[in-house]
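Asker: Provided below for reference: sequence and predicted model.
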Amino acid sequence: GGVAVVMAGVAGDKHLQEQLLNDPRVKAGLQTAGEQALRDPAVQNAILDVARERGPDVAAYVQDNVAAWAQDPDVQARAKQLASQGLAFASQAASHAGEFFADTIAQGPTGLRLLSFLAGCTSLAVGVMEILAIVNVLSGVARYVISGFQCLFAITTMLFEVPADYVAKVPGITHYQDLIMDEARFMTRHGGRGLFYVFQGSIWL
């Protein structure tokens, strides 16, 4: 049983590597890097950029492992092989083969993501109304501070549940998402985000 789990993990890792290395942007970087291949920082940054488009879970996993991949002779050999091919259409065909696998890692079921996103929108709307309500001035500064944090939490919720390709189109948002992934790693896991959403909802009670 344990051996099977390990083998499945290795197979999934190889599959993800293949998807990232076959991306045209990564292949272009590999062609420029030459013998350096994955050891080139520019290539590693290109891989991370592609991983971010597949969602926060994939990005965090790749960020933790890309340096180790660069030291793996098999992965290096595969990267050099792809760099020598230079055929973008072939790489696109290979990338579609495991797209479902990568999307499953990135985010949860579509229905659950939609509900989480809508909850974030609702929380943001309530937070804005709380801030704009003149009557709340009588309640003191604390209520405004809490509402401000709730707006920030709601935006973060929406950011992590919206389709990853939408996020990738806005550079400023991706920088914020990268900051959250680095400083609040629990947000890159379904369970961690779930607990964060429970905490966020409890503040409104």
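Answerer: Cool, got the structure. Residues are numbered from 1 along each chain as shown.

Asker: other SSEs contacting the helix or strand containing Ala28?
Answerer: Using DSSP states H and E, Ala28 sits in helix 24-33. In terms of contacts (3 or more CB pairs under 8 Å, 6 or more residues apart in numbering; DSSP states H and E), helix 24-33 is packed against helix 2-21, helix 41-53, helix 73-85, helix 88-97. Every residue, glycine included, has its C-beta placed from N, CA and C.

Asker: out of those helices, which gets the lowest mean score?
Answerer: For the helices and strands packed on helix 24-33, mean pLDDT drops lowest on helix 88-97, to a mean of 45.

Asker: skip the chain neighbours and tell me the closest residue to Ile131.
Answerer: In space, and not counting its chain neighbours, Ile131 is closest to Ser147: 5.0 Å by CB to CB, 6 or more residues apart in numbering.

Asker: quick check: which element contains the closest residue to Arg189 other than its chain neighbours?
Answerer: Closest residue to Arg189 apart from its sequence neighbours, by CB to CB, 6+ apart: Asp57 at 6.9 Å. Taking DSSP H and E as the criterion, Asp57 maps to helix 56-71.

Asker: thinking again about what came up before, how near is the residue nearest to Arg189 to Leu16?
Answerer: Per CB to CB, to the nearest Å, Asp57 is found 11 Å from Leu16.

Asker: may I have the longest helix seen in the chain exported as PDB, CA atoms only?
Answerer: Secondary structure of the chain per DSSP state H: the longest helix is helix 110-132. Extracted in PDB, the C-alpha atoms of helix 110-132 (Å, rounded to 0.1, in the frame of the first residue of the first chain):
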ATOM      1  CA  THR A 110     -16.200  24.200  -9.600                       C
ATOM      2  CA  GLY A 111     -19.400  24.300  -7.600                       C
ATOM      3  CA  LEU A 112     -17.500  24.700  -4.300                       C
ATOM      4  CA  ARG A 113     -15.300  27.400  -5.800                       C
ATOM      5  CA  LEU A 114     -18.300  29.300  -7.100                       C
ATOM      6  CA  LEU A 115     -20.000  29.200  -3.600                       C
ATOM      7  CA  SER A 116     -16.800  30.400  -2.000                       C
ATOM      8  CA  PHE A 117     -16.400  33.200  -4.500                       C
ATOM      9  CA  LEU A 118     -20.000  34.400  -4.100                       C
ATOM     10  CA  ALA A 119     -19.500  34.300  -0.300                       C
ATOM     11  CA  GLY A 120     -16.400  36.500  -0.700                       C
ATOM     12  CA  CYS A 121     -18.500  38.900  -2.900                       C
ATOM     13  CA  THR A 122     -21.200  39.100  -0.200                       C
ATOM     14  CA  SER A 123     -18.700  39.600   2.500                       C
ATOM     15  CA  LEU A 124     -17.000  42.400   0.600                       C
ATOM     16  CA  ALA A 125     -20.400  44.100  -0.100                       C
ATOM     17  CA  VAL A 126     -21.400  44.000   3.600                       C
ATOM     18  CA  GLY A 127     -17.900  45.300   4.600                       C
ATOM     19  CA  VAL A 128     -18.200  48.300   2.200                       C
ATOM     20  CA  MET A 129     -21.700  49.100   3.500                       C
ATOM     21  CA  GLU A 130     -20.500  48.900   7.100                       C
ATOM     22  CA  ILE A 131     -17.700  51.400   6.300                       C
ATOM     23  CA  LEU A 132     -20.000  53.800   4.400                       C
END
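
Asker: thank you, goodbye.
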